[in-house]
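> Below are the sequence and a predicted model for it; my questions follow.
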Amino acid sequence: MNSSYRLMERLAHITAFKDTRRLELSLLKTLHELFKPDTLSLVKLNTNNQPLVLMRYDPKKNLMQDDDPALLGASTESLIINALNQKNLNTATPRQREKISVFPVLDLFDLNLCLVLNSSTALSADDIRLIRSFLDVYRNFCLLIEDVQTDQLTGLLNRKTFEENFQRISEELPEEKQNPDPADRRAAAPAGLNGYWMAVIDIDDFKRVNDTFGHVYGDEVLILLARLMKACFRTNDLLYRFGGEEFVVIAQCQNLESAQFAFERLRKTVENYDFPQIGQVTVSIGVVQLQTGLLATPLFDQADQALYHVKNNGKNQVAFYQELVSRGLIKPVKTLLGEVELF
């Protein structure tokens, strides 16, 4: 009875969150408490089985550490690919005194997910069935909340999920800024990313697209833009459609230069894309760096003010709120830090 109660308690813990990142952390925490592996990780792969993100669980800090997927090693990556291809729920390495078990979760949000346990003790048949059951619950719950959290047209997150995700991110913001290598080009997702940037993105002259070509082609532009956004940002970056032609991105970057590169890359990608029937479409982007203690609404207003500046100065540009303020091009937006009013 005690064992059954503990299992139900852990299942309740897993399904207590609607934020994907917290769901993943809850899953890893639960499995670590149950099986005490030496290491425990989640690996996200695209549908071509190319590793995109490696998340290692740190039980001492109860958090997930993002690492470069290349750190998996060739042998572990081979086990993952083999498990995905064969839909095999458990694969062990031939190494002595070490066993790596791989449990795939297929076709989840256009991704494949693999749970990787490294333990000196082999899992029993009952252990394997229990882990499979937990992953089944996890997958079903994720698919259930996907319908609530995503925009039906584009497949991006919807506006209702923004506040909850923002709360989680605000808890992760560093207390002090650092200055890592400015040569970062975001091709990988290195450990130690220490800044978040929020961008408000608006399609230029979208009303003209609808009026000239019709709403069917307008919807196609929205769908294609969402795909371009997914291609330009990492799996863990948060992409939203707020409504109409307005989109929001919250991206984690090493520094300002990295953020500038990321959002400028999106702008150029859209500008150079040939939209069927319509041809060229451009976007205007206003960006603000997230700061500890500031609420979602004033930060959104700051990014929106940067966007408004772009709209009034030629469109098809990326502007950063803090830079515009420092150059005297816009007036600072009033914000709240706790109960203190700031400018």
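Yep, it's here.
> quick one: the strands in the protein?
For the chain, applying DSSP state E gives strands covering 39-45, 51-58, 63-67, 99-108, 111-119, 157-158, 195-203, 238-243, 246-253, 283-289, 318-320, 335-337, 340-342.
> and the angle for the longest one with strand 39-45?
Here strand 99-108 runs at 30 degrees with respect to strand 39-45, directions being taken by axes from the mean of the first three to the mean of the last three Cα atoms, to 10 degrees.
> Same question for strand 99-108: list its buried residues.
Residues of strand 99-108 classed as buried: 99-105, 108 (neighbour count, 16 or more other Cβ atoms under 10 Å). All C-beta atoms are positioned from the backbone trio N, CA, C, and that covers glycine.
> ok, now stretch 271-285?
273, 275, 278, 281, 283-285.
> from the chain's centre, how far out does that stretch sit?
Here the centre of stretch 271-285 is set off from its chain's centre by 25 Å, with Cα atoms, centre = their mean, to the nearest Å.
> looking only at pLDDT, what's the mean for it?
What stretch 271-285 shows for mean pLDDT is 96.
> And the contacts of that stretch?
Residues from elsewhere that reach stretch 271-285 (Cβ atoms under 8 Å, 6 or more residues apart in numbering): 199-204, 209, 213, 217, 220-221, 224-225, 228, 263, 266-267, 270, 307, 310-311, 315-319.
> Mind giving me the ChimeraX command for buried ones among the residues you listed?
Selecting the buried subset of the contacts of stretch 271-285 in ChimeraX, with 16+ other Cβ under 10 Å as the burial test, is done by:
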select :199,200,201,202,203,204,209,213,220,221,224,225,228,263,266,267,270,307,310,316,317,318,319
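> Now, the contacts of stretch 271-285 that are in helices?
Among these, the ones falling in helices (DSSP state H) are 209, 213, 217, 220-221, 224-225, 228, 263, 266-267, 270, 307, 310-311.
> Can you name the two of those that sit furthest apart?
Largest separation among the ones in helices among the contacts of stretch 271-285 by Cβ to Cβ: Phe213 and Phe263, giving 27.0 Å.
> Which stretches in the stretch 1-150 of the chain count as helices?
2-14, 20-35, 74-86, 125-149 (DSSP state H, counting those that start in this stretch).
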